[in-house]
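*Asks:* Output the structure for:
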Amino acid sequence: MKKQRIALVEKRYLIPFVLLTSLFFLWGFAHAILDVLNKHFQELLAITKAHSAMIQVTMYMGYFIMAIPAGLFINRFGYRRGVVFGLLLYGVGSLLFIPGQHWMSFNFFLFSLFVIGCGLVFLETAANPYVTELGAKETAASRLNFAQSFNGLGCIFAPILAALVLFSDDKEPSGNVALPYTIMGIIVLLVGVVFSRISLPEIKHEVETDEQGNRVSLWSHKLFIFGLIALFAYEVGEISINSFFINYVTDQGWMSPRQASLVLSFGGLSLFMVGRFAGSWIMSRVRAEKMLFCCATGTVLTTLCVVMDLGMASLIALLAGYAFEAIMFPTIFALSLRGLGSHTKRASSFLMMSPVGGAVGPLLMGYVADCSTMSMAFIVPFVGYLVVWFYARKMMQA
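*Replies:* Next comes the predicted model:
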């Protein structure tokens, strides 16, 4: 007898799922455009790789600082208001690039990115756990991977637009950094208006208690703690690679900054999006833990190839790594929330502190690159993916 397939999303939650999926595109765009800004500011302002990494440091510090307040806000006012407030901060931070462009102040650009980061943490703290709850728990990882696939779509468009606007030819940056952010800010604020006028159903959870009726602490869930560490390590790996992809291929003399931006978009980030769609489909048939283990093995091997500096083989491995890493964030996130019940919103806010790895990783990688070579700097994401591999192995045994 053929086994009946479980629906990815319950029918009553289909419209909220579609609306929330649009948000994943928006914050994918915000993250990916940073990868072009790194190289842009290095050339425009004549700063070092480690200094330019402050772009990622500042934005992801917004995650670390605002994750707990975001969780408290959403716990009190609900998912919808959390989304609206996040979109407001995102839009305002984007429009702050207009005066930043006028003053051409790197520090003011950093402040604008910090505001955007604060907005994104509200969006992700609300949307990620909400999506996992819009259907059966067996399909939670697959459902979040599908929604996160549109994050990958935003990641593809951002470098294309930024490369066309920020690099006027194959060598020189144009400095017109306010334009893509102005467009982004207007769109985000319009989306915020839409969400302020719709209703998202709140999902209630039962309070978890032990045999004596005492409330169970979130920190008694050891697999959640390991998941939090693994998510931090993943962010170290992913954001470090994205931040210095353009530096890596240009330092090797393979292409110009504009060409590298397009390869990042059409090559790496396209594979990233395809990997998420494919991963969502595969995980409807294969255990999420097994899928994560296989992909973690892939990222460890591909990153090691880059560290070994094997020429064009390293570039091919680097691009392949985007496909392997694609399912990691949503899968680790969903697995970490499994069985947490009433702790879900609070746990989500802690998990959304993990993007601070995007602040730590690029700073370390930039420092190593300044002291040695770009190839050797990939030891930083290699260690991050190794931690994810150990987490996936543990989950396979759990």
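*Asks:* buried ones in the biggest helix by length in the chain?
*Replies:* Selection of the longest helix in the chain by residue count, based on DSSP state H, yields helix 14-45. For helix 14-45, the neighbour count (16 or more other C-beta atoms under 10 Å) marks 16-17, 19-21, 23-44 as buried. All C-beta spots, glycine's among them, are computed from the backbone N, C-alpha and C.
*Asks:* Report all helices and strands that that helix contacts.
*Replies:* Helix 14-45 makes packing contacts with helix 49-52, helix 54-77, helix 79-95, helix 106-132, helix 140-166, helix 178-196, helix 222-251, helix 257-263 when contacts are defined by 3 or more C-beta pairs under 8 Å, 6 or more residues apart in numbering; DSSP states H and E.
*Asks:* which one of those lies closest to residue 269?
*Replies:* Closest approach to residue 269 among those (C-beta to C-beta): helix 140-166, 4.4 Å.
*Asks:* which residues touch residue 274?
*Replies:* With contact set as C-beta atoms under 8 Å, 6 or more residues apart in numbering, residue 274 has these partners: 152, 323, 326.
*Asks:* Below-threshold pLDDT in the stretch 101-250 of the chain: ranges please.
*Replies:* In the predicted model of the stretch 101-250 of the chain, residues 166-175, 203-216 satisfy pLDDT under 70.
*Asks:* Residue 244 contacts residue 38, doesn't it?
*Replies:* Yes: taking C-beta atoms under 8 Å as the contact criterion, residue 244 and residue 38 are neighbours in contact, 7.1 Å apart.
*Asks:* Now for these two: what residues contact both?
*Replies:* Shared contacts of residue 244 and residue 38 (C-beta under 8 Å, 6+ apart): 49, 362.
*Asks:* measure residue 358 to residue 113 for me?
*Replies:* Separation of residue 358 from residue 113 (C-beta to C-beta, to the nearest Å) stands at 11 Å.
*Asks:* Could you tell me which residues touch both of the two?
*Replies:* Residues touching both residue 358 and residue 113 comprise residue 59, with contact defined as C-beta under 8 Å, 6+ apart.
*Asks:* can you give me the helices for the stretch 201-350 of the chain?
*Replies:* Defined through DSSP state H, counting those that start in this stretch, the helices belonging to the stretch 201-350 of the chain, from first to last, are 222-251, 257-263, 270-282, 288-307, 312-325, 328-337, 344-351.
*Asks:* closest to residue 179 out of the ones you listed?
*Replies:* Nearest to residue 179, of the helices of the stretch 201-350 of the chain and by C-beta to C-beta, is helix 257-263 at 15.4 Å.
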